[in-house]
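J.: below is the structure, and that's it, no one-letter string:
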């Protein structure tokens, strides 16, 4: 793999920033959730894209990570997830008022057992992947934040077998089947369920989410299902779901994670119709991951920008959903102290700028010619 190469995507700015799990942009500010303590969440002024400036950084205790962040109308949500710690640190979802960007003010803390992994936020409701007592693995939880200082659970859904406190018994190993990343479109919620595939839920009654369909391709495919992103428009008069697995380990002897196009015109019967994979070209020898991870969730056209870990950022044209093709790429130079890049998350702004974070080190602003 060559580093520092690009096609159709160019760098506008880069700064060293502790390894990031997610970046979101609102009103000239970028919010970055970090992978490892003591770094929690950074806020950067990106009104001048060529000169991003750090204006605030929250810290967290060792034993937690706070790698995801969402912002709407000056309300910032961050996850606290407990891992690699014998201490029972408080975990869950923290809510901040960020009207003053340099001084985020905590206004609420919705606590859970091991905390929250990924989540989305539409300005009123948050859709969580959360690990709470009585269940094995993360479940779906819907939280009402109409009054941000008083978050209130309004509904939950779990895969049958997860509610062990209710007498259910999982048919899978450990936490293999767990909610990963709920995304809403209308009265539907789409969620990757790790080695349990993905689910489509009816949330027209948020207090009682109902399963519409469940599809699982793991096995035989080795990588867990990460993101299920519904397209807001039709392709060839059909409804589609963009799905990425997550490259969770080294390549050999199994193939890296795929990018999928899934036909959901009949949402009770999802049908995978195509895949895309960046050729490995010897990347199996890299000391890290090379495969699909996370698409930009902000959609303006049929170009999907997808982080590919050591493969950097890939631009995939899905105009023909049966034959997705790569039309551009950007592979950063490794960050401070790194041998490889690990492109983790991407945000696409409506002016075309792209905000890319590396899992180990680095924050970049890019522009695309596509």
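T.: Received the coordinates, thanks. These numbers were taken from a predicted model, which means no experiment stands behind them.
J.: how far away is residue 59 from residue 114?
T.: According to C-beta to C-beta, to the nearest Å, residue 59 stands 20 Å off from residue 114. (C-beta placed from N, C-alpha, C; glycine too.)
J.: these two: who's more crowded?
T.: For residue 59 and residue 114, the more surrounded residue by other C-beta atoms under 10 Å is residue 114, and the numbers stand at 20 against 11.
J.: ok, that one - contacts?
T.: Neighbour list for residue 114: 81, 82, 83, 91, 131 [criterion: C-beta atoms under 8 Å, 6 or more residues apart in numbering].
J.: cool, residue 34 as well?
T.: 18, 19, 20, 21, 40, 41, 42, 65, 66, 67.
J.: repeat for residue 316
T.: 259, 276, 303, 304, 306, 324, 325, 326, 327.
J.: any idea how far the residue nearest the centre of the chain is from residue 327?
T.: Central residue of the chain (C-alpha atoms, centre = their mean): residue 294, 5.7 Å from the mean position. Distance from residue 294 to residue 327, counting by C-beta to C-beta: 19 Å.
J.: run through the protein and note the low-pLDDT ranges.
T.: Applying pLDDT under 70 to the chain flags residues 1, 84-86, 249-253, 280-287.
J.: 80 - rerun?
T.: Where the chain drops to pLDDT under 80, the residues are 1-3, 84-87, 248-254, 279-288.
J.: residue with max distance from the center of it?
T.: Each residue of the chain has a distance to the centre, and by C-alpha atoms, centre = their mean the biggest one is for residue 167: 31.5 Å.
J.: surely residue 228 is in contact with residue 183?
T.: Yes. Residue 228 is within contact range of residue 183, at 6.3 Å (criterion: C-beta atoms under 8 Å).
J.: which residues do those two both contact?
T.: Shared contacts of residue 228 and residue 183, defined by C-beta under 8 Å, 6+ apart, are found at 190, 191.
J.: between the two, tell me which one has more neighbours.
T.: Neighbours were counted for residue 228 and for residue 183 using other C-beta under 10 Å; residue 228 has more, 27 against 18.
J.: so what secondary structure elements neighbour the helix or strand containing that one?
T.: For residue 228, the host element (DSSP states H and E) is strand 225-230. Applying 3 or more C-beta pairs under 8 Å, 6 or more residues apart in numbering; DSSP states H and E, one finds that strand 225-230 makes contact with strand 177-185, strand 188-194, strand 240-245.
J.: need those in a markdown table with distance to residue 163, can you?
T.: Below are these laid out as a markdown table (distance: least, C-beta to C-beta, whole Å):
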| stretch | distance to residue 163 |
| --- | --- |
| strand 177-185 | 12 |
| strand 188-194 | 15 |
| strand 240-245 | 26 |
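J.: out of the ones you listed, the one nearest residue 267 is which?
T.: strand 188-194 (7.5 Å; C-beta to C-beta).
J.: quick one, the helix or strand that comes right after that closest one and strand 188-194 angle?
T.: As assigned by DSSP H and E, the chain's next helix or strand after strand 188-194 is strand 198-202. Interaxial angle, strand 198-202 versus strand 188-194 (axes from the mean of the first three to the mean of the last three C-alpha atoms, to 10 degrees): 160 degrees.
J.: tell me the angle strand 198-202 makes with strand 177-185.
T.: For strand 198-202 against strand 177-185, the angle by the same axes, to 10 degrees is 50 degrees.
J.: same for strand 198-202, what does it pack against?
T.: Counting contacts by 3+ C-beta pairs under 8 Å, 6+ apart, strand 198-202 is packed against strand 188-194, strand 210-215.
J.: quick check: which of the ones you listed is buried the most?
T.: Ranked by mean neighbour count under mean count of other C-beta atoms under 10 Å, these are led by strand 188-194, which reaches a mean of 25.
J.: contact partners of that one?
T.: 127, 129, 137, 140, 159, 175-184, 198-203, 209, 212, 214, 216, 224-230, 241, 243, 267.
J.: cool, and stretch 159-179?
T.: Applying C-beta under 8 Å, 6+ apart, the contact partners of stretch 159-179 are 117, 129-131, 133-140, 158, 191-196, 199, 214, 224.
J.: which members of the contacts of residue 316 occur in helices, if any?
T.: Among the contacts of residue 316, DSSP state H puts none in helices.
J.: so which of those residues is the closest to residue 288?
T.: Using C-beta to C-beta, residue 306 is the member of the contacts of residue 316 that sits closest to residue 288, with 17.1 Å.
J.: just to check, that closest one is in contact with residue 312?
T.: No. At 10.0 Å, residue 306 does not count as touching residue 312 under the criterion of C-beta under 8 Å.
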